[in-house]
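A.B. asks: got a sequence here, can you model it:
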Amino acid sequence: MTEARTLRLSLTLRGTVLAETAVENLSALRRIQLDFPSADSFGRSSFEIDLGSFLGNLAGIAKWTAGPVDWSAPLHDLAISVLDDADHLEELRRAHEIEPTELSLEADWQGELTDFQNRDLVKLLAMRHGANFSVPGAGKTRVALGFLSHLRATGRAKRALVIAPKSAYESWINEAGVAFSEGRRVVVYSGGTAPDCDVLIVNYERLASSRTHLAGFLGRGRTLLILDEAHRMKRGANGVYGAVCLSLGPLAAARLVLSGTPAPNGLSDLKSIFEFVWPGRGSRLLGTGAAEWSAVSSAVKPLFTRTTKSELGLPPLSVRIQTVALPPIHREIYDALLGQLRRSVSEHERIDDLGKVIVYLLMAATSPALLAIGSSQHEPLQFRVPPFTAPQSGQLRSLMAELPRYEMSPKLLEAVRIARENARLGRKTLIWSTFIRNLSTLQALMPELDPQLVVGGTSDEDRTARLDRFRNNAGTFVLLSNPATLGEGVSLHHECHDAVYIDRDFAAGRFLQSLDRIHRLGLKPGTETKATVLVAEGTIDELVLARLARKLDWMSDALDDPSLSVLADLEEERESAGVLDASDAEAVWAFLGSREYS
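C.D. replies: The predicted structure is shown next:
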């Protein structure tokens, strides 16, 4: 009779918890299930729940009064570990100063650590699980490999699973070769059963289809789970990346997150990151409302390490805003399009729909011809040089497509001018744009500079070859890319010290990440690094400028990095739709309504 009333809890191969009982206990089971809103029924007398949600509400299981609770051994051990971590978390929050852990690295460790990298590593080890929010370019990959080496030397883990964007693969593979004299077996996951290796790397896009195999990898041995560029899972359980990361996290012997821009839009971005590090507890650190940073900083700041830009000792980065005026027909088309969108968009639009409007306006600020349907989004705009004499305006729809015959895009012209001047001085230039057609057009406009194009559709082999050509060929002066493709994980600071932004979106984190491709640890003293942001006068570019400055100022407050405040003062001198938050949307609605925006 006791067996019939038992609630059985087990860990599935997918990294979820299965709760099941005899059918006669169905009403008791449903009462328990109410404490887990995300649970899915799994047969008539069972339900399945995400592991993170389960571990965050273990008290809900105590409400089972129909009979005993039978825990599978792996799940029981996991719950005990999480409760122990929760106790340790409270100790960390109460401590005025974290007692450092004595660093023990493997015998073949040869990676040099700067003073700030050593400081961050020792603090992270004392936390057991941790977050490294050091600025991009501070060497977080080296610190993470040191974390792994210590865990291997002390028996806490024997390998690592790294979830990272594809652009970071090169950094992980190269760093592992530098940090260990005997090297390490680093494997890029390609699907199926994960092979045994020292470091397994998988990209975020593969998570949904590989969840079971990755859970199996974590279950086959004590593993350090690292999220590189962890802000990619900031949507938490509401996003595909976040949901899988949160389910895999508790299965790891240790968890480490790396992000130079962990909260580009505000406190809510941090919730899922801390929930990953401290399952069942992390999101509670930030409260439930829209609290100010000052109200929660004392609870959160002991739980992450951060090296600021100023601590890197880098030569300064000069960011210049350059305003360009729109020529007459371009201005007429932009204003007409803006007027049409103002009439058609209401404040009841979904953010996704509003994002499309923003994309149209960002395109039109560079060239309305981008909005015309061509044979391909990759096809260059056919600018005529010199242009024809402009016709009488009036047929704006046809002029939109034929504008390149009559007027050159002022932003593209200025980017070409800057690149040619840099080349004359022997300097290479990295040019960013959200839109591939801008980049392909620029490639066609300055063939003498041998511009290399790297975008999302570029094959891994071509990408490597083009980056290598840009870095090493004396006659190759320009690299063209977008922040969504090359904004993370790639180092170009030894070869390139100039960047030009044709356009930007509302993603402050992505902007900072892209800047750090050319401004990072390892720059020679005295190196002059410059970035020029092109802003079309009287367009949505000015709204983006104001919003990014505001976000960078918030991040400076939250992360105690005065250098971000310098970037936030830009007025003195982005998957564009997908990065909108509610405050961005409000500002766009105000902009479309001709009201004051900020």
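A.B. asks: could you give the bridge partners of the nearest residue to residue 72 once chain neighbours are set aside?
C.D. replies: With Cβ to Cβ, 6 or more residues apart in numbering as the measure, residue 10 is the residue that lies nearest to residue 72, at 4.0 Å, once sequence neighbours are left out. Where C-beta positions appear, they are placed from N, C-alpha and C, glycine not excepted. According to DSSP bridges, the residues that bridge with residue 10 are residue 18.
A.B. asks: for this structure, which residues score under the pLDDT cut-off?
C.D. replies: Applying pLDDT under 70 to the predicted model, the residue ranges of the chain that meet it are 1-2, 96-97, 264-268, 287-299, 345-353, 372-405, 554, 556-580, 594-598.
A.B. asks: end to end, how far does stretch 259-272 reach?
C.D. replies: Between the opening and closing residues of stretch 259-272 we find a distance of 13 Å, counting by Cα to Cα, to the nearest Å.
A.B. asks: care to break this protein down by domain?
C.D. replies: The record, using automatic domain parsing to delimit domains, assigns the chain the ranges 3-71, 81-307, 317-592.
A.B. asks: in JSON lines: those domains, plus mean neighbour count.
C.D. replies: Formatted as JSON lines, the entries for these read as follows, by neighbours: other Cβ atoms under 10 Å:
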{"stretch": "domain 3-71", "mean neighbour count": "17"}
{"stretch": "domain 81-307", "mean neighbour count": "19"}
{"stretch": "domain 317-592", "mean neighbour count": "18"}
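A.B. asks: how about the strands in the stretch 151-300 of the chain?
C.D. replies: All strands of the stretch 151-300 of the chain, identified by DSSP state E, counting those that start in this stretch, fall at 159-163, 186-188, 199-202, 223-228, 254-258.
A.B. asks: need those strands in a markdown table (columns: distance to residue 142).
C.D. replies: As requested, the strands of the stretch 151-300 of the chain are exported to a markdown table (distance: least, Cβ to Cβ, whole Å):
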| stretch | distance to residue 142 |
| --- | --- |
| strand 159-163 | 13 |
| strand 186-188 | 14 |
| strand 199-202 | 13 |
| strand 223-228 | 12 |
| strand 254-258 | 11 |
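A.B. asks: closest to residue 462 out of those?
C.D. replies: strand 186-188 (17.0 Å; Cβ to Cβ).
A.B. asks: not counting sequence-adjacent ones, nearest residue to residue 492?
C.D. replies: Leaving aside its sequence neighbours, residue 492 sits nearest to residue 517 (Cβ to Cβ, 6+ apart; 4.9 Å).
A.B. asks: who touches the one you found in this structure?
C.D. replies: Neighbouring residues of residue 517 by Cβ atoms under 8 Å, 6 or more residues apart in numbering: 430, 486, 487, 490, 491, 492, 493, 496, 499.
A.B. asks: how far away is residue 164 from residue 200?
C.D. replies: Separation of residue 164 from residue 200 (Cβ to Cβ, to the nearest Å) stands at 11 Å.
A.B. asks: contacting residues around residue 87?
C.D. replies: Here residue 87 is in contact with no residue (Cβ under 8 Å, 6+ apart).
A.B. asks: wait, a strand at it?
C.D. replies: No. Residue 87 sits outside any strand when classified using DSSP: H, G, I helix; E, B strand; the rest coil, being helix.
A.B. asks: residue 258 pairs with what?
C.D. replies: Assessed by DSSP bridges, residue 258 has beta-bridge partners residue 132, residue 228.
A.B. asks: all further residue positions should be reported with the first residue as 3.
C.D. replies: Okay, residue one is now 3; in that scheme the one you just asked about reads as residue 260.
A.B. asks: inside helices: which ones of the contacts of residue 519?
C.D. replies: Of those, the ones assigned to helices by DSSP state H are residue 488.
A.B. asks: which one of the contacts of residue 519 sits closest to residue 236?
C.D. replies: Top of the list for closeness to residue 236, among the contacts of residue 519 and by Cβ to Cβ, is residue 489 at 15.5 Å.
A.B. asks: hmm, that closest one is touching residue 516, no?
C.D. replies: Yes. Taking Cβ atoms under 8 Å as the contact criterion, residue 489 and residue 516 are neighbours in contact, 4.3 Å apart.
A.B. asks: residue contacts, residue 40?
C.D. replies: Counting by Cβ under 8 Å, 6+ apart, residue 40 touches 51, 52, 55, 239.
A.B. asks: same check, this time on residue 501
C.D. replies: Taking Cβ under 8 Å, 6+ apart as the test, what residue 501 contacts is 431, 432, 433, 434, 516, 517, 519, 520, 532, 533, 534.
A.B. asks: looking at the residues you listed, which is nearest residue 451?
C.D. replies: residue 431 (8.2 Å).
A.B. asks: residue 115 - that's part of a helix, no?
C.D. replies: No. With three-state DSSP as the criterion, residue 115 is located in coil rather than a helix.
A.B. asks: re the thing from before, ok, which of the strands of the stretch 153-302 of the chain comes nearest residue 142?
C.D. replies: When those are compared for distance to residue 142 using Cβ to Cβ, the nearest one is strand 256-260, at 4.5 Å.
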